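Asker: Show me how the following folds:
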Amino acid sequence: MAFDPAVFPRCDQTPVWEGLARHYESEGKDFDLRQAFARDARRFEDFSLDAPHVFCDLSKNLLGRDTRAMLTELAQACGLPAQRDALLGGETVNLTEQRQVMHWLLRYPAQQAAFTPPAFDARRAELAEVHATLEAMLAYAERIRADEGITDVVNIGIGGSDLGPQMAVAALQSFADPARRRMHFVSNVDGHELDAVLRGLRPERTLFLVASKTFTTIETMTNARSARDWFATQGGTDVARHFAALTTNIDAAREFGIETTFGFWDWVGGRYSLWSAIGLPIAIAVGTTRFRELLGGAHAMDAHFATAPLEANLPVQLALLDLWYRNFHGFGSRSIAPYHSSLKRLPAYLQQLEMESNGKRVDRQGQPVSFATSPVLWGEPGTNGQHAYFQMLHQGTDVTPVEFIAVREAAHRLPGHHEQLLANVLAQAQALMQGREDAGGHRHFTGNRPSTFLLLERLDPASLGALIALQEHRVFCSGALWGINSFDQWGVELGKVLARDLTPRLASGDVSGLDGSTAGLLKRLR
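Answerer: Numbering: from 1, shown residues only. Next up, the predicted model:
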């Protein structure tokens, strides 16, 4: 079906936007959290939302009931429910690349689905292909898990082909068995990374997974060829057994020497691809049952996004909060603070998900926008972050909203640790809000600094799947409100084109036509 962006007004083209601007000036910019809690005994209950596997406390954010109501009205005015239905209905919402966006279909079960998307009968054939590929991938993963000769798996990819699987494997490490099999991830074209991984490997015990949809991504293919060369020089003799490809370019993989391939579709963007064959390293790490639980948790969040009313829809409400902070308060970044060491790669994963999706300066019709779009995302796991950058969060000149992620149940049995961890995350959120008024000068904390608190009962495949899907839908909603295409990434291309020109120049020394800085640096680097 044809997706017509002209049908949906941009947020700044609605009367609600003007009302929000007036509301911000009269009430929003001077909102005080401490006064809000003093006035409203039910603020925590009424500003909390339950979604599948994720509880969210929004009460420590700079918004009142009127603000929430106006923001939800803005979502209606922008046609967000209809835009959501277009996404889930398989319409071509990625207009610049003329593609559908159906990563949600990758976790849609063959039976007993939690919701039925619009026009779903048209997706039956694609769903059958999805499950056929999934079954083949999982069967291969189980063969590798049963092969005691394979002790190391090296995933070679970049961007979505690396960040998603790497983040998920780290997050689910308590469900893996590192004594039987070690998982490695190589993405950087900097040879130091691949070299460091290869030093500890034996070719006869290593499986390489080459993850590139086109099998042409220059960083991935450079690393893959070097890995194959290392394999041969170290005495490896069976490329077909020790290399597999996650790609749609079967011919190129076969020419490389790979016979085992698993593909995916044009409607799967890289940063949304861990649910596809790109998730093979996750399946090898945790097994078929756990991988299906990961998909199940994401599907449950999909159902929540598809069916919950806007005022109770967690992805929608998080996106509206993001818009309120970015466009009215002018906050330029958001800090991600997961209080679970296994989520150490989540901030980097979310950086790509949001900044590559919504770091755009023109709308879907190619017109410049008159407002800020994606914030900068950054962070580290607590409590490490507390001893690194939390000083700035508490007393710096910029206000940075913080998103805390906590897990109620620990997966370890070490006494005392988890209680300290939870006490710290509660204390940091409390301190940001309350500040310290009883001291002056260096010891004074202004307080009234906002934070969101996401709580999982436990970090398991289902809750991780739900958490990731929540963030995917949140990013889509932000882009839909801003009227931008969240699913292309043309800003990545220019540097790649210029690098292809500069690579031979580093060998030849030719600086003709270059600007003075690039020419001077190239000469010094030779």
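
Asker: going forward, measure contacts between C-alpha atoms and count neighbours the same way
Answerer: OK.

Asker: roughly how far is the helix or strand where residue 139 lies from the heart of the chain?
Answerer: Assigned by DSSP states H and E, residue 139 belongs to helix 124-146. In terms of CA atoms, centre = their mean, to the nearest Å, the centre of helix 124-146 is found 23 Å from the chain centre.

Asker: What lies in contact with it?
Answerer: Here helix 124-146 makes contact (CA atoms under 8 Å, 6 or more residues apart in numbering) with 105-106, 108, 110, 150, 262-263, 276-277, 280, 283-285, 287-288.

Asker: List the buried residues in it.
Answerer: Residues 127, 130-131, 133-134, 137-142, 144-145 are the ones in helix 124-146 that count as buried (16 or more other CA atoms under 10 Å).

Asker: Stretch 287-294 too?
Answerer: Quick answer for stretch 287-294 (16+ other CA under 10 Å): 287-288, 290-294.

Asker: Excluding chain neighbours, what is closest to residue 342?
Answerer: residue 171 (4.4 Å; CA to CA, 6 or more residues apart in numbering).

Asker: just residue 481 next, same as before
Answerer: Using CA to CA, 6+ apart, the nearest residue to residue 481 is residue 11, at 5.4 Å.

Asker: which residues in the stretch 1-150 of the chain form helices?
Answerer: For the stretch 1-150 of the chain, the helices defined by DSSP state H, counting those that start in this stretch occupy 15-23, 33-39, 43-46, 65-77, 80-88, 124-146.

Asker: Nearest to residue 303, out of the ones you listed?
Answerer: helix 80-88 (10.4 Å; CA to CA).

Asker: elements contacting that closest one?
Answerer: helix 288-307, helix 461-482 (3 or more CA pairs under 8 Å, 6 or more residues apart in numbering; DSSP states H and E).

Asker: Could you tell me the angle between it and helix 65-77?
Answerer: Interaxial angle of helix 80-88 relative to helix 65-77 (axes from the mean of the first three to the mean of the last three CA atoms, to 10 degrees): 50 degrees.

Asker: Which residues does helix 80-88 contact?
Answerer: 3, 75, 92-93, 100-102, 104, 117-118, 306, 477, 480-481.

Asker: could you point out which element follows the helix holding residue 139?
Answerer: strand 152-156.

Asker: That following strand pairs with which strands?
Answerer: strand 182-186 (parallel), strand 206-211 (parallel) (DSSP bridges).

Asker: Please export the alpha-carbon coordinates of it; PDB is fine.
Answerer: Extracted as PDB, the C-alpha positions of strand 152-156 are listed here (Å, rounded to 0.1, in the frame of the first residue of the first chain):
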ATOM      1  CA  ASP A 152      35.100 -20.500  19.800                       C
ATOM      2  CA  VAL A 153      32.600 -18.600  17.600                       C
ATOM      3  CA  VAL A 154      33.700 -15.300  16.000                       C
ATOM      4  CA  ASN A 155      31.000 -13.000  14.700                       C
ATOM      5  CA  ILE A 156      32.300 -10.600  12.000                       C
END
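
Asker: quick check: angle from that strand to helix 124-146?
Answerer: 140 degrees.

Asker: who touches strand 152-156?
Answerer: Under CA under 8 Å, 6+ apart, the answer for strand 152-156 is 162, 181-187, 201, 205-211, 220, 223-224, 281.

Asker: Could you identify the buried members of these?
Answerer: 162, 181, 183-187, 201, 205-211, 220, 223-224, 281.

Asker: Okay, now the unreliable bits of the chain?
Answerer: 1 (pLDDT under 70).

Asker: Domain ranges for it, per the record?
Answerer: The chain breaks down into these domains under automatic domain parsing: 31-91+308-488, 105-290, 491-525.

Asker: got a markdown table for these, with distance to residue 19 too?
Answerer: Below are the domains of the chain laid out as a markdown table (distance: least, CA to CA, whole Å):
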| stretch | distance to residue 19 |
| --- | --- |
| domain 31-91+308-488 | 8 |
| domain 105-290 | 33 |
| domain 491-525 | 33 |
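
Asker: Quick one: closest of the ones you listed to residue 25.
Answerer: domain 31-91+308-488 (9.1 Å).

Asker: That closest one: end-to-end distance?
Answerer: One end of domain 31-91+308-488 to the other measures 36 Å (CA to CA, to the nearest Å).

Asker: Break down the stretch 151-300 of the chain into its helices, ranges please.
Answerer: Going by DSSP H, counting those that start in this stretch, the stretch 151-300 of the chain shows helices at 160-171, 191-198, 218-233, 239-242, 250-256, 280-286, 288-307.
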